[in-house]
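Q: give the three-dimensional model of this entry:
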Amino acid sequence: MSQYPADADFRIKPREVADKSSRETLSKAIRMALAVESEPVRRNTNTFNQNRYTAVRTIDDYEALKDRARAIKEKAIEQIESSVAVLRKVIEERGGHFYLAKDGADANAYILEVCQKHQAKLAVKSKSMTSEEIRLNGVLEGAGIEVAETDLAEFILQVADEQPSHIVAPAIHRSRERISKLFKDVFHPEQPLETGEDLTKFAREILRRKFLTADVGISGANIIDAETGTIVLVENEGNIRMVTQAPPVHIAVAGVEKIVPHWEDLAPFIELLAPSGTGQPLSQYTNILHPPLKMPSFSFDGRPRRERAFYLVLVDNGRLRMRHDTELKRALYCMRCSACLNVCPVFQVLGGHAFGGETYSGGIGGAWEAGTGSLEKARFSELCTGCSRCVRQCPVRIDIPWLNTVLHDRLNQLDGKGAAALFFGK
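A: As a prediction, this is how the structure comes out:
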């Protein structure tokens, strides 16, 4: 539950239509998206696309680089178990803590235990789709621990009590005008907050205080190399650097599919992520971490300096089951760059609150909702037209329309069984 009052500028709330198990809910989500969210999504995805087209033209041997990234992911997924064992040894030998969680409840229980062990009252978080998937915030808040989202878009969504609608740009569905209205309704600021710069400065002042007093920092991970235990986090705002270094305790939460076997495997993903996602040659910050940090924590506000503690929480939550599914395993190759969402004609019109589930959105989101949740929750995948525009843009060459064809077939079989039971009692 958000610590802020909910935004009340439209009747249907995104969280009310997040679970797409029924077509009725899917229909409501589509009506909401067309009424409120469509125009900002269209405008922002168009910007991402234009920037991506420009950025990838500057990459030497772009197609060969995509082939290399695909080959690395295929190998990584095949040897997940051995890579997990290697990574565990490396992290623990370096003085960190390692935990492999079988599902979301297991991960949440462990993270809560860690926070309570360190007597945490405030946790600052960077953007993490895996933490959204396991519903981490609600568990910590339910135990009396304040959670502050520090990514600007995630902060906006926390204030609005909405789930992300995009893998990279979580608040892509909100116009600047709606964000301004939200902040004015909730915070009653003296400033006009009319420009993007005004909004950013206002949020920064709130979040700066959180960074200086946080007991725990919680991050995700873009890529993890098993061989050296290196964690790569790319960003544009600098908040991840603060989350991972300002508090004395750092907890990194990631799906097991984020592991690659070797140090040299990191390079193609760092080179492809920013151009494919936001259309930048490279993100503003590329954090290459070997936690835990050796230096004591900073002495903010006169607090005593403390020894650093690091915890890596890897999450299965259906991923190992997906690996043994001859079709859905391909979704595990995903870099979560969002190129497929941005180029998708359905997503450009509806955005991720309609063309998406409780956590994951767009064409690739169906396989993830089915794999980490249930097949019924992937019903929004029926919106995929099969146009295949996403296939060419995917930096790891995932055939997303084929994944959705598989999901359609499985949903039809599931619905057929339900109809048979209704009419024939079988």
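
Q: point out where the stretch 251-400 of the chain drops to low pLDDT.
A: Regions of the stretch 251-400 of the chain meeting the criterion pLDDT under 70 cover residues 302.

Q: can you pull out the helices in it?
A: Under the criterion DSSP state H, counting those that start in this stretch, helices of the stretch 251-400 of the chain are mapped to 266-277, 319-323, 339-343, 345-350, 362-372, 389-393, 400-424.

Q: out of those helices, which gets nearest to F48?
A: helix 339-343 (4.4 Å; Cβ to Cβ). Where you see a C-beta, it was placed from the backbone N, CA and C, and this is true even at glycine.

Q: so what secondary structure elements neighbour that closest one?
A: helix 38-56, helix 362-372, helix 389-393 (3 or more Cβ pairs under 8 Å, 6 or more residues apart in numbering; DSSP states H and E).

Q: redo the helices of the stretch 251-400 of the chain as TSV? Include mean neighbour count.
A: As requested, the helices of the stretch 251-400 of the chain are exported to TSV (neighbours: other Cβ atoms under 10 Å):
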stretch	mean neighbour count
helix 266-277	22
helix 319-323	18
helix 339-343	27
helix 345-350	20
helix 362-372	28
helix 389-393	17
helix 400-424	14
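
Q: same list (those) but as CSV, adding distance to A76.
A: What follows is the helices of the stretch 251-400 of the chain, written out as CSV (distance: least, Cβ to Cβ, whole Å):
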stretch, distance to A76
helix 266-277, 11
helix 319-323, 10
helix 339-343, 20
helix 345-350, 27
helix 362-372, 16
helix 389-393, 21
helix 400-424, 19
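
Q: which of those helices sits closest to D185?
A: Closest of the helices of the stretch 251-400 of the chain to D185 is helix 345-350, at 25.7 Å (criterion: Cβ to Cβ).

Q: for F155, what are phi and psi?
A: Here is the backbone geometry of F155 (degrees, to the nearest 10): phi -60, psi -40.

Q: so what's it up against?
A: Residues near F155 by Cβ atoms under 8 Å, 6 or more residues apart in numbering: A148, E149, A203, I206, L207.

Q: closest one to V159 among the helices and strands packed on helix 339-343?
A: Of all the helices and strands packed on helix 339-343, helix 38-56 sits nearest to V159, with 16.7 Å by Cβ to Cβ.

Q: and the angle from whatever helix or strand comes next after that closest one to helix 266-277?
A: For helix 38-56, the following helix or strand on the C-terminal side (DSSP states H and E) is helix 62-78. In terms of direction (axes from the mean of the first three to the mean of the last three Cα atoms, to 10 degrees), helix 62-78 departs from helix 266-277 by 120 degrees.

Q: would you list the helices and strands packed on helix 339-343 in TSV and tack on distance to V406?
A: Formatted as TSV, the helices and strands packed on helix 339-343 follow (distance: least, Cβ to Cβ, whole Å):
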stretch	distance to V406
helix 38-56	25
helix 362-372	8
helix 389-393	15
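
Q: check contacts around the closest residue to L65 other than its chain neighbours.
A: Distance criterion Cβ to Cβ, 6 or more residues apart in numbering; nearest residue to L65, sequence neighbours excluded, is P268 at 5.5 Å. Applying Cβ under 8 Å, 6+ apart, we find P268 in contact with L65, R68, A69, I72.

Q: how about JSON lines for those residues, with neighbour count added?
A: Shown next, in JSON lines, are the contacts of P268 (neighbours: other Cβ under 10 Å):
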{"residue": "L65", "neighbour count": "19"}
{"residue": "R68", "neighbour count": "18"}
{"residue": "A69", "neighbour count": "25"}
{"residue": "I72", "neighbour count": "22"}
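
Q: turn those into TSV, columns for pLDDT.
A: Shown next, in TSV, are the contacts of P268 (pLDDT from 0 to 100):
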residue	pLDDT
L65	98
R68	98
A69	99
I72	99
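
Q: excluding its backbone neighbours, what's nearest F48?
A: Nearest in space to F48, with sequence neighbours left out and distances taken as Cβ to Cβ, 6+ apart, is N342 at 4.4 Å.

Q: report the contact partners of the one you found.
A: T45, F48, N49, R52, Q348, Q393.

Q: A252 and N412, how far apart?
A: 40 Å (Cβ to Cβ, to the nearest Å).

Q: meant to ask about E369
A: Per Cβ to Cβ, E369 is found 17 Å from N412.

Q: likewise for I167?
A: 27 Å.

Q: ramachandran coordinates for P261?
A: Backbone torsions of P261, given as degrees, to the nearest 10, read phi -70, psi -40.

Q: what subset of the contacts of F155 is buried?
A: The neighbour-count test (16 or more other Cβ atoms under 10 Å) marks A148, E149, A203, L207 as buried among these.

Q: closest one of the residues you listed to G365?
A: For the buried ones among the contacts of F155, the nearest to G365 is E149 (20.6 Å; Cβ to Cβ).

Q: list the contacts for the closest one?
A: By Cβ under 8 Å, 6+ apart, the residues touching E149 are K125, K127, N137, F155, L157, Q158.

Q: mind checking which helix or strand V124 is in?
A: Going by DSSP H and E, V124 is in strand 122-125.

Q: list the helices and strands that strand packs on?
A: strand 146-149, helix 196-213, strand 216-219, helix 239-245.

Q: go with 10 Å
A: helix 104-117, helix 136-142, strand 146-149, helix 152-160, helix 196-213, strand 216-219, helix 239-245, strand 249-255 (3 or more Cβ pairs under 10 Å, 6 or more residues apart in numbering; DSSP states H and E).

Q: paired strands for the third one, with orientation please.
A: Strand 146-149 has its sheet partners listed here by DSSP bridges as strand 122-125 (parallel).

Q: and the partner strand, average pLDDT?
A: Across strand 122-125, the average pLDDT comes to 98.

Q: now do the residue nearest to F48 against V391, distance only.
A: Taking Cβ to Cβ, one finds N342 at 14 Å from V391.

Q: what is in contact with these two at once?
A: Residues touching both N342 and V391 (Cβ atoms under 10 Å, 6 or more residues apart in numbering): none.

Q: follow-up on the earlier one: same list, the contacts of F155, but as JSON lines with pLDDT and distance to S131 please.
A: Formatted as JSON lines, the contacts of F155 follow (pLDDT from 0 to 100; distance: Cβ to Cβ, whole Å):
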{"residue": "A148", "pLDDT": "98", "distance to S131": "13"}
{"residue": "E149", "pLDDT": "98", "distance to S131": "10"}
{"residue": "A203", "pLDDT": "96", "distance to S131": "20"}
{"residue": "I206", "pLDDT": "95", "distance to S131": "20"}
{"residue": "L207", "pLDDT": "96", "distance to S131": "17"}
